[in-house]
Structure formats: structure tokens, C-alpha cells
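Just need the structure, nothing else, for what follows:
(2 chains, ligands or ions: 2)
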Amino acid sequence: MADSALKAINITKFFHDPVDMPVLKNINLDVHKGEFVSIVGKSGCGKSTLLYVLSTMDTDYQGSLEINGVLATGKSLNDLARIRNASIGFVFQFHYLLPDFTCLKNVMIPGLRLGKYSNKEVEARAYEKLKMFGVEDQALKNANKLSGGQQQRVAIARALINDPTIIMGDEPTGNLDSKNTEIVFDLFQKLSKEFGQTIVTVTHDEDFAQRSDRIIEMADGEILMHHHKNK
Amino acid sequence: MKISVNTEIALTYLTSRKKQTVVASMGVMFGISMFIFMQSLMKGTNDYFEKMSFTNTPHIRLYSENKVADAHMLTSFLTDNSTKILTNPKQLKQTQGLSNPYGIINQILKNAQVDAVTPQVTANVIYTSGSVQLTGNVAGVNINEEDKMFDVQGNMVKGNLHDLKRVNNSILIGKGLADKLSLHVGDNITVRSGVGSPVVLRVIGIFATTVKQIDETKSYVNIIQAQNLMGKDRSYVTDIKINLKNYNNAPQVARELETISGYKAEDWVQANEQLKAAFKIRAIILNSVIGVLLLVAGFGIYNILNMTIYEKIKEIAILKAQGFSGPAVTSIFLQQAIYIGLMGGLVGIMVGFGITYMVSRIYIGAGTLKYLPMSFYIPHYIEAITFGVLTTIAAGFFPARKASKVDPVNIIRG
Ligand SMILES: Nc1ncnc2c1ncn2[C@@H]1O[C@H](COP(=O)(O)OP(=O)(O)O)[C@@H](O)[C@H]1O
Ligand SMILES: [Mg+2]
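Ligands and ions are numbered 1, 2, ... in the order given. Purely as a prediction, here's the structure:
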């Protein structure tokens, strides 16, 4: 068995508003390093909620979460921020770029925050990531001057800047056309196969899901089943 | 220099909303420049009035007070209240002045705080010239010492004050007195005290202070002349005038001198109570105005930051999702406040200096006050920038803290 990248043990979460309602019920999940996992399920079944818990952004849950073999549950918010900055790249359904900054700066910011590389190196790396998604020629434009598809590609480049061991996406290709979706899928696959980065994405794209290593099917806050791809 | 990513974000937010940034820092600028201008004006005015009061009041004046006899010496000697003294409640006329004045002066000179000491004989007199009579007072002084302490030279209108020493039977009179008696330098004037016989003195100089009442009544003669006028000997001294190295110590030194001499020592603060009260009232008015100005500036910053945070709440959430911690977010927004404060503060200091300088050049020509007395006092500028930055930090603190508490999940979920 390969090393575990992401391990959820008995995770349960309630929303209290308007009434106490369980959204996640006893979720157990183990994603190993380099695995490419898709989470599917009907709208409202708790996919996003699960992803937010797995990403350490949401700390209001019962059970425990390990990231790269380290217990994340119970850590301080500042420690969790550091973990996210260094090890987790997150892509949202909407791009959420900072409109006052250039695309390049948007990609650079998490890298500058990490402070592992010099500004020059971070810039070179940011260009490299933009190139992977074919938007390097947009680098010096302000983020709000790009088309939706371009913005989403910049946002994915941003998620990769610190070479995170885990990349999470909440319908990252939801706003992309089939051509762009293809680019993103190929890249994710390459990241997991060649660089051993772990990918966990929520998707509605049947094709996309079918081509990943594992499909996790959710319903009503529970994991129905794991479909492992036949090798 | 490598600037941190927090700083970079803070600066980008400031420059991408230039107008609001400028408006907010103008609020600070206004507060700071008014702070400097008003402080400069107040200190300038206070210094001026203080200086003015020292042109005719010494830091400490030692004199013999007319007192009704009481039993306090006896009571403190007996340590009980058993013995009563019967006294005539009428005050006795004090004619003897200070006893052993030169011994007292020597003692006073031993005090390290004392800068200058001079004895004086004060006499109430009637001036006569032709058929006109006026009452007033003569100060018998050592004119060189008097000049050193009170800059009599600076008030001279006509004549040479040193002639007071050189010329026998000479007198230096105020301008008002000279006008009323239509006297000029070289004319004679008859001076009579309550006790001695009248003497004829020659006017060798005319002075003008800023106080009309002094100019109309006061004159200087040699101390020996005054003693003659009073029919007294050379040891007769009514006042000892003392200047200190630091006049702020006057009240405390005065108490010390009282105990060693046994006479009343009046410090300039007591002699100018109304002046001190005016200083205090002005300080209160000034501080309230400045407080309001800074409060308004602070609200400006509070407002703009709150607006920014409201607008950028999604971006804050995204920064946090990417691993910016609460303190990092606080730093981003607090820095914006600080830069607004510094910018407004620096410009405010320059504008404040400019206004102060310009106002100090406006000719007003009221009496001896030709220009508004403005002080250029470095600590005002340091205080101003400190207050400015403290205000902005206080104003930025709450919005910044609010920003740091943004829960990314709630915001991103929408
Ligand atoms: N802040 C909230 N308070 C209460 N209920 C919520 C809140 N956010 C989401 N929910 C509910 O939790 C359930 C799961 O939501 P979500 O994880 O977004 O579903 P999915 O991403 O699978 O569509 C839904 O029924 C939704 O209505
Ligand atoms: Mg969802």
C-alpha cells in the first residue's frame, strides 16, 4: 500500500441552521499519494462540504483528518494556514482571482507567501505554470481583463505554484469548454502520474470522472461506493 | 529591498483605489497640520506672554509682608493651643524693609538654581512738574543688574540708561509719565515720598514697556537715591529680586527661600495667576479641537477600510484559502491604515510647517507685538506624527481584525 496523502476517519458534520442536520455522516476515506480521485453525487449531497473539511479550511467537524500522515485535526488556524499554503492547492468552481493584480502576481502570491524561493524564482515558476495552461501571454494583464476560461486556467496555475502534494478542485472545469476541460484533465493526469501529486476533485463531468483512478460516489452525506478504475 | 507579500498586497489595494486613499490621507493631513499650527501658535503665544511677564516680574520676589500678628509661632513652640494672644487687628506700617538684606542675598546666591539677584528699594511717590502732580512708584535699583535681569535697555525710548549711575540726582521715567508731565530728557522733576523731603531729579532717559499702567507710574533711580528719598540708610532694602536658571523651578525655590529668609517669597506663577489660568484654558480648547480633528481623520480611515473589506471579502477568503493566516490578513489591512497615516502625516507636517511659517510672517503690529508669535518646536512635529500614526492604527485595528476573522468557507460557499 502506498503512502497516504489524505486520510479521513469517521468524519461527521452538522449544520445547525435552521435545524440540526447532518451533512456528512461517518465519512472514512483514504487517498494515497499520486492518486487521482473524482467525487461525484447529486447536488446537495455534501461534496463541497467534504472538500472544505479535507482542505482544512473548515474545522467544525467531528472525527479526524490526516494530511500526508500528519494529524490536522485540532491544529491552530495559523498552522492550518501554513499547511494549506505549502501542501494544498485549491481550485474553485469560480476563479476568484484578485482583480487588482496581474495574472502573474495572482499566481505568484501564494508562492511569495510561502517564501521558499526568491521573488525572481517565484516569478519564473509562475511563468512556467501559466505556460502549461497556454495563458503566459496574458501574464501582465490584470486578472479582470481575461475571459472566463482564461481566468479559470490562471486560477489553476495559481493552485500549482507551490507544487502542492495535494490538489483539490470543486468542479474546477465546471465553467470550461470541452477543449479546456481536456487540457486540465491531461494536466491533472500528468501531475499525478509523473510528479506523484494527489488530485481530489468534485466533478459533474461523467467523462472526466470515468478517466480518473477512482470515483467516489456520494449520496446524502455518505459515501455510497468507491469505483476503482481497472488497471 | 525585498518587500513582503503582505506589504505588496496592501500597497496594491491602496493604489488601485487612489481617490479613496487620497481622501483618507487628506483627513489625516488636515488633522496633523492643524495640530502643528495650533500647537505652534499656542506655544508661541504662551512663550511670548511668559517672556513679557519676565520683563517686569522677576522669577521670585522676596519682600516683607504686612501681617497681623498671630500666635502661630507661640503655638508651634508650645505644641498646644493653650495660650491665646490678644492683638490689635490693625496692620502696622512696615517701614523697616528687610533686615540684613545683604546677608540674605549672600545666602540666596549659595543656591545653585539662582542665576541673578538684585536688591531694590520701592517707594510710593508723588511726581511734580510745574503745577501737575501725579502719584507713582520709584524703583531704586542697581541699573546694571536690573538691565541684565529685565532688559531695561530694550525698552529705552530716549536717553542712555547708564547715565543713571554716572549722573547724580538722575531719574529714568516711563513714557506715559513723561507725556503727562510733558518732560523731555534733560528736564527736571520733583519727587516726594511720604516720609523724606522732596528732591529734584533730572530726567536722563525715557522708557516704554508694553504695559500702559507701568509707563504712567514707574520710574527708576539709583538705589542710594531711593534710600535718600525715604530718609533711610544704606542697608534699607524693600525687595530682593531673584532670577533662576530655570524659571519653572520658581515655586519650589521660592518655598526654600521663604524658609531660610523668613520673608515672603512670591514666585512668578503666583504673581501671574491669571496668565497661568489663561494658558490652561487655551490648552484645553486646543486639545479638544485637535482631538476632534484626529477623531474625524480616524473615522475616515475606519470607513475606507471597512468599505474595502466589505468589497474584498471574497478576496480575503481566497487569500486565506491559499494559506494566508489571520495575522497575515491583519497585517495587510493594518498596513494600509499605517500608510494612509504616514502619508497624511508627512504631508501634514510639511503643510503644518508651511502654515505656521506663513502666519508668522503676517504683520499684525499690535503694540510691541509686530508679528504673531509662532514657535517652531521640533517636539510638536514628532508628537504630531506620533498622534497621527496612533490614530490610524487605532482606526485600522478593528477593520483589520474583522478581516482576519473572515471564515473562508462561509464566503466561498456563497
Ligand atoms: N451554511 C449552511 N448552513 C446550513 N446548511 C448548509 C450550509 N451550506 C450548505 N448547506 C446544506 O448542506 C448540504 C450539502 O451542501 P454541499 O456540500 O454544498 O453540497 P454539494 O456540493 O454536494 O452540492 C446541502 O443540503 C446544503 O443545503
Ligand atoms: Mg458544491
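
Sort out which residues of the lengthiest helix in chain B are buried, please.
Criterion DSSP state H: the longest helix present in chain B is helix B:273-311. Neighbour-count burial for helix B:273-311 flags B:275-276, B:279, B:286, B:290, B:293-294, B:297-298, B:300-306, B:308-309 (criterion: 16 or more other CB atoms under 10 Å in any protein chain shown). Just so you know, the C-beta spots here come from the backbone N, C-alpha and C atoms, and that holds for glycine as well.

What of stretch A:48-63?
Neighbour-count burial for stretch A:48-63 flags A:48-59, A:61, A:63 (criterion: 16+ other CB under 10 Å).

Which neighbouring elements make contact with whichever helix in chain A runs longest?
Determined from DSSP H, the single longest helix within chain A is helix A:178-194. Applying 3 or more CB pairs under 8 Å, 6 or more residues apart in numbering or on different chains; DSSP states H and E, one finds that helix A:178-194 contacts strand A:36-41, helix A:148-160, strand A:198-202.

now for the shortest one, which elements pack on it?
Where contact means 3+ CB pairs under 8 Å, 6+ apart, strand A:198-202 is packed against strand A:4-15, strand A:21-32, strand A:36-41, helix A:47-54, strand A:166-170, helix A:178-194.

got the contact list for the shortest one?
The contact list for strand A:166-170 (CB atoms under 8 Å, 6 or more residues apart in numbering or on different chains) reads A:5-6, A:47-48, A:51, A:54-55, A:67-68, A:87-93, A:156, A:159-160, A:188, A:191, A:197-203.

low-scoring stretches of chain A, by residue?
Chain A contains residues with pLDDT under 70 at A:1-2, A:230-231.

and it, which of its residues are near chain B?
Within chain A, the positions adjacent to chain B are A:48, A:52, A:55, A:57-58, A:77-78, A:81-86, A:88, A:90, A:92, A:96, A:98-101, A:105, A:109-110, A:112-114, A:119, A:158 by CB under 8 Å from any CB of the partner chain.

For burial, what's the neighbour tally of the nearest residue in space to B:Asn137 that is not next to it in sequence?
The shortest distance from B:Asn137 to any non-neighbouring residue, by CB to CB, 6 or more residues apart in numbering or on different chains, is to B:Asn124 (5.3 Å). Neighbour count of B:Asn124, defined by other CB atoms under 10 Å in any protein chain shown: 12.

ok, residue 65 - contacts?
No chain was given, so I picked chain A. By CB under 8 Å, 6+ apart, the contact list for A:Leu65 reads A:6-9, A:11, A:53-54, A:56, A:71-73.

Chain B was what I was after
By CB under 8 Å, 6+ apart, the contact set of B:Glu65 is B:263-264.

now with 6 Å?
B:Lys264 (CB atoms under 6 Å, 6 or more residues apart in numbering or on different chains).

swap in A:Tyr61?
Here A:Tyr61 is in contact with A:11, A:13, A:53 (criterion: CB under 6 Å, 6+ apart).

next helix or strand past the helix or strand of chain B with the lowest mean pLDDT?
The weakest-scoring helix or strand in chain B, judged by mean pLDDT, DSSP states H and E, is helix B:72-78 (a mean of 61). From helix B:72-78 onward toward the C-terminus, using DSSP states H and E, the following helix or strand is helix B:101-109.

Show the average pLDDT along stretch B:350-367.
Averaging pLDDT along stretch B:350-367 yields 87.

Contacts for that stretch, please.
Here stretch B:350-367 has contacts from B:33, B:36-37, B:40, B:210, B:371-372, B:374, using CB under 6 Å, 6+ apart.

can you check stretch A:209-220 too?
A:35-41, A:45, A:47, A:203, A:223-229.

Could you identify the buried members of the contacts of strand A:166-170?
By 16+ other CB under 10 Å, those give A:5-6, A:47-48, A:51, A:54-55, A:67-68, A:87-93, A:156, A:159-160, A:188, A:191, A:197-203 as buried.

contacts with ligand 1 among these, please.
A:47-48 (CB under 6 Å from any ligand atom).

got the residue ranges for the helices in the stretch 51-200 of chain B?
For the stretch 51-200 of chain B, applying DSSP state H, counting those that start in this stretch gives helices covering B:72-78, B:101-109, B:143-150, B:163-166, B:175-180.

do you know which of the ones you listed lies nearest ligand 1?
Taking CB to the nearest ligand atom, helix B:143-150 is the member of those nearest to ligand 1, at 81.5 Å.

In the stretch 251-400 of chain B, mark out all the strands, start to finish.
For the stretch 251-400 of chain B, the strands defined by DSSP state E, counting those that start in this stretch occupy B:264-267, B:363-366, B:369-371.

roughly how far out does the first one sit from the chain middle?
Taking the mean C-alpha point of strand B:264-267 and that of its whole chain, the gap between them comes to 19 Å (CA atoms, centre = their mean, to the nearest Å).

likewise the last one?
Its chain's C-alpha centre and that of strand B:369-371 lie 17 Å apart, by CA atoms, centre = their mean.

what does chain A have sitting close to ligand 1?
Proximity of chain A to ligand 1, by CB under 6 Å from any ligand atom, involves residues A:15, A:17, A:23, A:41, A:43-49.

And the contacts of A:Leu65, which is closest to B:Ile393?
The nearest member of the contacts of A:Leu65 to B:Ile393, counting by CB to CB, is A:Thr56 at 31.3 Å.

what's the span of stretch A:42-49, first residue to last?
Its first and final residues considered, stretch A:42-49 spans 13 Å by CA to CA, to the nearest Å.

which residues are contacting it?
Residues from elsewhere that reach stretch A:42-49, judged by CB under 6 Å, 6+ apart: A:23-24, A:39, A:41, A:170, A:202, A:218-221.

which residue is nearest the middle of chain A?
By CA atoms, centre = their mean, the mean C-alpha position of chain A lies nearest to A:Met168, the distance being 1.3 Å.

What's opposite that one in the beta bridge?
Judged by DSSP bridges, the bridge partners of A:Met168 are A:Phe90, A:Val200.

Distance check, it against A:Cys45.
From A:Met168 over to A:Cys45 the distance is 17 Å, taken as CB to CB, to the nearest Å.

likewise A:Arg82?
Going from A:Arg82 to A:Cys45 by CB to CB gives 31 Å.

Mind checking which of these two has more residues around it?
Neighbours were counted for A:Arg82 and for A:Cys45 using other CB under 10 Å; A:Cys45 has more, 20 against 17.

Not counting residues beside it along the chain, what's closest to the residue in chain B positioned nearest to ligand 1?
Closest approach between chain B and ligand 1, counting by CB to the nearest ligand atom: B:Arg413, at 5.6 Å. Nearest residue to B:Arg413, sequence neighbours excluded (CB to CB, 6+ apart): A:Ser48, at 6.8 Å.

Count the neighbours of residue 64 for me.
Chain wasn't specified; assuming chain A. Other residues lying near A:Ser64 total 14 when counted by other CB under 10 Å.

Hmm, no, I was thinking of chain B.
18.

how far out from the middle of the chain is stretch B:193-210?
33 Å.

what comes into contact with it?
Contacts for stretch B:193-210 (CB under 6 Å, 6+ apart): B:123, B:125, B:155-159, B:161, B:163, B:167, B:169-173, B:175, B:178, B:183, B:185, B:187-192, B:215, B:229-231, B:367-368.

tally of neighbours for A:Gly111?
For A:Gly111, the neighbour count with other CB under 10 Å is 25.

separation between it and A:Lys105?
A:Gly111 sits 10 Å away from A:Lys105, taking CB to CB as the criterion.

again, but for B:Lys218
Counting by CB to CB, the gap from B:Lys218 to A:Lys105 is 78 Å.

which ones among the residues of chain A next to chain B are found in helices?
Counting by DSSP H, the residues of chain A next to chain B contribute A:48, A:52, A:77-78, A:81-86, A:105, A:109-110, A:112-114, A:119, A:158 to helices.
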